[in-house]
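Chemist: give me the fold of what follows.
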Amino acid sequence: MGEDREGGHTHEQPQWERWQKERTFVRAVKGVYGEVYKNLLSQPRVYKSSDWNWKGGPRLFGRKVINPQSVEITQMIETHLDVYAPGSFGQKHGHMNSAVFYILDGSGYDVHDGTRYDWDAGDVCIVENACVHRHYNADPAKPARVLVMKAKPLFLFAHMVYQKVVEYPSKEPVPGFEDFLPGD
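Modeler: Residues are numbered from 1 along each chain as shown. The predicted structure is shown next:
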């Protein structure tokens, strides 16, 4: 457990693996131009999400498919798949970059700076820059699956690094879904 100090009070926060290890947010682009260009052209154009493991749980799982840490094709965008267990929600957090959520399956809602936005499969939900938000799966029986696209690496490169978890998701599974896994 780590500690977070706010307003003179110290309280324990759960640790997320991805927030506790060193990651690559922006790679160095160095070398002879022709070689750098040739390397870029040689990168795959199709990435199988099934090549990445699901991380997280028991309420929120993610596959971080495209980011500067995992592939060399781009440094400007990050794309990942998230699956919310039935009736669950993710962390309440904020970050400088905006995000585009394409809802693949399920129904739910987001709360951005206190305002609720309902969504269903096929909808696109925009998380605006710098708002505090949380994503909710409103269906008590089915998972919600979303594709998330954002320019987070570009924002980090510009030193717009603010990101903070206000409230972590529960580490307790949703009752009745103790063995929930996101599937493929």
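
Chemist: tell me if residue 36 really is in a helix.
Modeler: Yes - counting by DSSP: H, G, I helix; E, B strand; the rest coil, residue 36 is part of a helix.

Chemist: where does the nearest residue to it once chain neighbours are set aside land in three-state SS?
Modeler: In space, and not counting its chain neighbours, residue 36 is closest to residue 29: 6.3 Å by C-beta to C-beta, 6 or more residues apart in numbering. Yep, even glycine has a C-beta here, placed from its N, CA and C like the rest. Under three-state DSSP, residue 29 falls in the coil class.

Chemist: my read is that residue 29 contacts residue 35, right?
Modeler: No - using C-beta atoms under 8 Å, residue 29 makes no contact with residue 35, being 11.1 Å away.

Chemist: what's the closest residue to residue 144 other than its chain neighbours sitting at in phi/psi?
Modeler: The shortest distance from residue 144 to any non-neighbouring residue, by C-beta to C-beta, 6+ apart, is to residue 106 (3.0 Å). Main-chain torsions, residue 106, degrees, to the nearest 10: phi 100, psi -180.

Chemist: please report how far residue 106 lies from residue 34.
Modeler: 47 Å (C-beta to C-beta, to the nearest Å).

Chemist: who has more neighbours out of the two?
Modeler: More crowded of residue 106 and residue 34, by other C-beta atoms under 10 Å: residue 106, with 19 against 8.

Chemist: what sits against the more buried one?
Modeler: 84, 120-121, 137, 139, 142-145 (C-beta atoms under 8 Å, 6 or more residues apart in numbering).

Chemist: dump those into a markdown table; add secondary structure, distance to residue 97 and neighbour count as well.
Modeler: A markdown table is the format used below for these (DSSP: H, G, I helix; E, B strand; the rest coil; distance: C-beta to C-beta, whole Å; neighbours: other C-beta atoms under 10 Å):
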| residue | secondary structure | distance to residue 97 | neighbour count |
| --- | --- | --- | --- |
| 84 | strand | 21 | 27 |
| 120 | strand | 25 | 14 |
| 121 | coil | 25 | 14 |
| 137 | strand | 23 | 25 |
| 139 | coil | 28 | 17 |
| 142 | coil | 29 | 15 |
| 143 | coil | 25 | 20 |
| 144 | strand | 22 | 28 |
| 145 | strand | 22 | 19 |
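
Chemist: tell me which element residue 64 falls in.
Modeler: Element membership for residue 64, per DSSP states H and E: strand 60-66.
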